[in-house]
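**Q** Fold the following and give me the result.
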Amino acid sequence: MPSKLQTYFGKIKYALVATAFVLLFAITSLTASLSNRGVSAATNVQHVQCTLEAQPGRIVVDFFPYSSIRSNQSISAATKGPLNTSIPAGKYKVTLQSFDGHSAKSSQVQPNEKWHLILKNAATTVVATTNPISDLPDDKDTLTEVVNSGLAVSEAVTSATAFHSAYPDSSSPNSIYPVCAALDPVAEEVRGQVVTPKTLGISTQVQAPTGAVNAGEGTNSIATTSVLGLGGSLTLLGYAISRLRRQQQ
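**A** Numbers count the residues shown, from 1 in each chain. Okay, the predicted model is just below:
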């Protein structure tokens with residue numbers, strides 16, 4: 001028959017083995033849960049694509065392959081890019097698109113998931129910075145928003161960088177995926193100065209003869225038109241010729 005000491009140590013051994021199995025099961029379950037959540041988020045990212053489609057004159061900056069930026073770590077962790085691009089000087093409507101897999105982590109609350117675009121020239125000098133896109137709502141995975149209606153780009157841009165707008169907020173990761181940006185040229189009206197269609201590389205100035213062209217207009221007034229490349233130049237020229245003929249009649 002086993003002694004009392006043997007029985008005591010046998011019970012301790014059984015308790016240790018049982019505890020080890022419980023701990024192993026708990027660790028395995030936790031690892032599987034975290035892994036599944038990570039896989040779900042990664043799967044969602046794989047299905048993300050920029051929905052800002054190509055249009056005449058539109059410039060799209062696509063940050064594929066997509067990766068998240070965050071506000072609570074280093075500057076590099078808050079940065080995506082720079083990406084090479086070519087954006088001529090001008091005025092642009094800017095649209096940004098964000099993503100985060102909220103459907104795979106519904107209990108997460110991050111109040112400042114937003115970013116903005118930084119445009120630089122060949123000398124890596126900042127030429128323009130967009131407004132930030134709004135925080136991605138907790139019940140949505142994507143957000144597309146116009147952030148600027150007339151962003152002034154004073155010179156040619158060669159690179160674009162996505163930067164976390166909440167950096168260095170350490171209260172939350174605020175992780176967000178910059179997906180893409182679209183810049184649509186905005187036509188500018190020029191009055192009383194030389195009209196320069198950038199697409200033609202020429203200068204066109206048309207003056208009306210002395211005297212008012214229309215009631216309320218001063219002498220030697222310059223015709224007004226929208227600068228729209230070749231079409232705008234032809235419209236301007238036709239308008240001026242028509243006015244000159246009327247004055248000569």
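
**Q** list the helices and strands the lengthiest strand in the chain packs on?
**A** Taking DSSP state E as the assignment, the strand of the chain that covers the most residues is strand 142-153. Packing contacts for strand 142-153, counted by 3 or more C-beta pairs under 8 Å, 6 or more residues apart in numbering; DSSP states H and E, involve strand 90-99, strand 126-129. C-beta coordinates here come from the backbone N, C-alpha and C atoms, glycine included.

**Q** Arrange those strands in JSON lines, one row each, with mean neighbour count, mean pLDDT and distance to residue 49 as further columns.
**A** Converted to JSON lines, the helices and strands packed on strand 142-153 look like this (neighbours: other C-beta atoms under 10 Å; pLDDT from 0 to 100; distance: least, C-beta to C-beta, whole Å):
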{"stretch": "strand 90-99", "mean neighbour count": "22", "mean pLDDT": "98", "distance to residue 49": "10"}
{"stretch": "strand 126-129", "mean neighbour count": "16", "mean pLDDT": "98", "distance to residue 49": "26"}
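
**Q** just so I know, which of these lies nearest residue 82?
**A** When these are ranked by distance to residue 82, counting by C-beta to C-beta, first place goes to strand 126-129 at 11.2 Å.

**Q** Using CSV, list the CA coordinates for the closest one.
**A** These are the backbone C-alpha positions of strand 126-129, laid out as CSV (Å, rounded to 0.1, in the frame of the first residue of the first chain):
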residue,chain,number,x,y,z
VAL,A,126,6.3,71.1,-48.9
VAL,A,127,4.3,72.8,-51.6
ALA,A,128,0.8,72.1,-50.2
THR,A,129,-1.0,70.2,-47.5
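
**Q** With adjacent residues omitted, what lies nearest to residue 50?
**A** The shortest distance from residue 50 to any residue that is not its chain neighbour, by C-beta to C-beta, 6 or more residues apart in numbering, is 3.7 Å, and that residue is residue 180.

**Q** OK, contacts around that neighbour?
**A** Remark: with contacts taken as C-beta atoms under 8 Å, 6 or more residues apart in numbering, residue 180 is in contact with 50, 52, 60, 61, 62, 63, 64, 96, 97.

**Q** and it, which of the three is it?
**A** Of the three states, residue 180 takes strand according to DSSP: H, G, I helix; E, B strand; the rest coil.

**Q** Name whatever forms a beta bridge with it.
**A** residue 62, residue 97 (DSSP bridges).

**Q** and the gap between it and residue 142?
**A** When distance is defined by C-beta to C-beta, to the nearest Å, residue 180 is 11 Å away from residue 142.

**Q** likewise residue 64?
**A** With C-beta to C-beta as the criterion, residue 64 and residue 142 are 15 Å apart.

**Q** again, but for residue 128
**A** Following C-beta to C-beta, the distance that separates residue 128 from residue 142 is 25 Å.

**Q** per-domain residue ranges of this protein.
**A** 1-47, 59-185, 189-248 (automatic domain parsing).

**Q** re earlier: looking at residue 64 and residue 142, which one has more neighbours?
**A** Shown here are residue 64 and residue 142; by other C-beta atoms under 10 Å, residue 142 has more neighbours (16 against 11).

**Q** thinking again about what came up before, report the separation between the residue nearest to residue 50 and residue 124.
**A** In this structure, residue 180 lies at 22 Å from residue 124, with C-beta to C-beta as the measure.

**Q** and if you look at residue 81?
**A** Taking C-beta to C-beta as the measure, residue 81 falls 12 Å from residue 124.

**Q** where do the contact lists of those two overlap?
**A** Contact criterion C-beta under 8 Å, 6+ apart; residues bridging residue 81 and residue 124 by contacting each: residue 159.

**Q** Okay then, goodbye and thanks.
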